[in-house]
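Novice: quick one: sequence and predicted model below, then my questions.
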Amino acid sequence: MSRSGEKRPRLLFVSPRFLFPADEGGKIRTGQILRGMKGGAFELDLIAPASDAEVRAHRADLEELCDRFEAWPPQRRGALWKLARLRHLLSPLPVAVRTDVCAAFARAIQGGLARRPDLVVFDYVHSAVAFPRDLKLPSVCFTHNVETEIFRRHAKVASRALSRAVWRNQAAKMERFEREALARFTRVVAVSERDAQQFRNDFGLAETRVIPTGVDLDHFRYTPAEANDRVVFCGAMDWAANQDGIGWLLDEVWAKVLAARPSATLTVVGRNVPEGLQAKARVLGASVRFTGWVEDIRPHLQGAAAYAIPLRVGGGTRIKGYEAIAIGSPVVSTAIGVEGLGLSAGKHYLEANDPASFAASLVALLGDAARGRALAQEARAFVEERFSFRHAARAFEGICLEALTAGVLRPERVCSLAR
């Protein structure tokens, strides 16, 4: 019931991943949106894959996000899981999508629909692989990236011919899937105007709407950068784009930084570090450290002289950039690393797209704390003005209300996806 006593419409939110721990950008963004919507215009039902132990451990967290939570058993992902995924290379679906095909997932959606929601939201385009063919409700897809663009960028930077061929093959499959899947929804939500324009221009999705990327400014309290030699990066290290970026930083950039600043240190904060990256770090010695998963990233960010975003692949917006800015870390980034965030190079961050300039920008901040603080202060003010997570949640709720009013798409716009 709403505060006025009127019954609120029920929103079924379908997430293909459990949102806790909130250790990657997509989970953080989705959690913030749901937290900001809780108690608002909708009664919120959330379904996601989770074990009984995960649900017990995060019961209080879930109560902050939704009025009702239902889990389906997550797929087991043991040591051979990555090898097992290779069998999906022959599927008409991209591997990243085909992996999410799961009978338990489909049953969970049917269970959620049995409670008669008024609106269904699918988180990530991947989850549309479980979109019911006979859905008669208005629906929204919350996209965090243009997935096709990410795949194309992987193909562009791949160093081996076989890798390039695989990424090109997967990009073509993802383009078909993404185009057909998103056409099913009443509304599509993008996280940047750049992404929205791609959906409109490339896929003909006129009903695409944009929300800002939000950050919890209370959680990430501003702490001025200090005079030190610490460089930090935060991101899940089982994501291919982060692996590529950190690999490039270690192979092409870090030796140049050490040549100018021998006392410099790089801390990479994030779960599931591949052995290949750990081997690169060992060659560079004690100057590079991987923390693995941490419960709270803030102690690693606070006071750092520089925050590096060396991404060459990606899409959507990188929430890690706003978190670093919010806490006061001066940022050095490639153009792709801050894409869609609306930041101005030279004013809010230092932009560097090749190894020499990236190293020089890091060295400049390590040697000039006052310059770093000036960048960080400008950037924090910019984020405070426009990008609180509450603002993003209100925008998302408004799009959901718009979809509810618009109703269901005409049957001729519903596409048939290969399974």
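Specialist: Yep, that arrived. Numbers count the residues shown, from 1 in each chain.

Novice: from R318, how far out is G303?
Specialist: Plainly put, G303 is 22 Å away from R318 if you go by C-beta to C-beta, to the nearest Å. Any C-beta I mention is one placed from the backbone N, CA and C, and that applies to glycine too.

Novice: neighbour-wise, which of those two wins?
Specialist: A direct count of neighbours by other C-beta atoms under 10 Å for G303 and R318 places R318 higher, at 26 against 18.

Novice: does that one touch T334 like I think?
Specialist: No - with contact defined as C-beta atoms under 8 Å, R318 does not count as touching T334 (10.4 Å).

Novice: shared neighbours, these two?
Specialist: By C-beta atoms under 8 Å, 6 or more residues apart in numbering, R318 and T334 have these common neighbours: I309, L311.

Novice: and the lowest mean pLDDT element among the helices and strands of this protein?
Specialist: helix 81-85 (a mean of 68; mean pLDDT, DSSP states H and E).

Novice: what are the buried residues along the following helix or strand past that helix?
Specialist: The helix or strand immediately downstream of helix 81-85 is helix 95-98, counting by DSSP states H and E. Neighbour-count burial for helix 95-98 flags V95, A96, V97, R98 (criterion: 16 or more other C-beta atoms under 10 Å).

Novice: quick one: buried residues of the helix or strand containing A395?
Specialist: Remark: A395 resides in helix 389-406, with elements defined by DSSP H and E. Using 16+ other C-beta under 10 Å as the burial criterion, the residues of helix 389-406 that qualify are F389, A392, A393, R394, A395, F396, E397, I399, C400, L401, A403, L404.

Novice: same check, this time on stretch 226-239
Specialist: D229, R230, V231, V232, F233, C234, G235, A236, M237, W239.

Novice: cool, and stretch 292-311?
Specialist: Across stretch 292-311, burial judged by 16+ other C-beta under 10 Å covers 297, 300-311.

Novice: state the mean pLDDT of it.
Specialist: Regarding stretch 292-311, the rounded mean pLDDT is 93.

Novice: quote the end-to-end distance of that stretch.
Specialist: Taking C-alpha to C-alpha, to the nearest Å, stretch 292-311 runs 19 Å from one end to the other.

Novice: list the helices and strands the helix ranked longest in the chain packs on?
Specialist: With secondary structure taken from DSSP state H, the chain has its longest helix at helix 161-182. In this structure, helix 161-182 makes packing contacts with helix 95-98, helix 147-157, helix 193-203, judged by 3 or more C-beta pairs under 8 Å, 6 or more residues apart in numbering; DSSP states H and E.

Novice: and that helix, what's buried?
Specialist: Within helix 161-182, the residues that qualify as buried are 166-168, 170-171, 173-182, counting by 16+ other C-beta under 10 Å.

Novice: quick one: mean pLDDT for that helix?
Specialist: 95.

Novice: show me how far the helix or strand following that helix is from its chain's centre.
Specialist: Using DSSP H and E, the next helix or strand after helix 161-182 towards the C-terminus is strand 187-190. Distance of strand 187-190 from the chain centroid (C-alpha atoms, centre = their mean, to the nearest Å) equals 15 Å.

Novice: which residues does strand 187-190 contact?
Specialist: Outside strand 187-190, the residues touching it (C-beta under 8 Å, 6+ apart) are 138-143, 182, 196, 199, 205, 207-211, 316, 396, 399-400, 402-403, 406.
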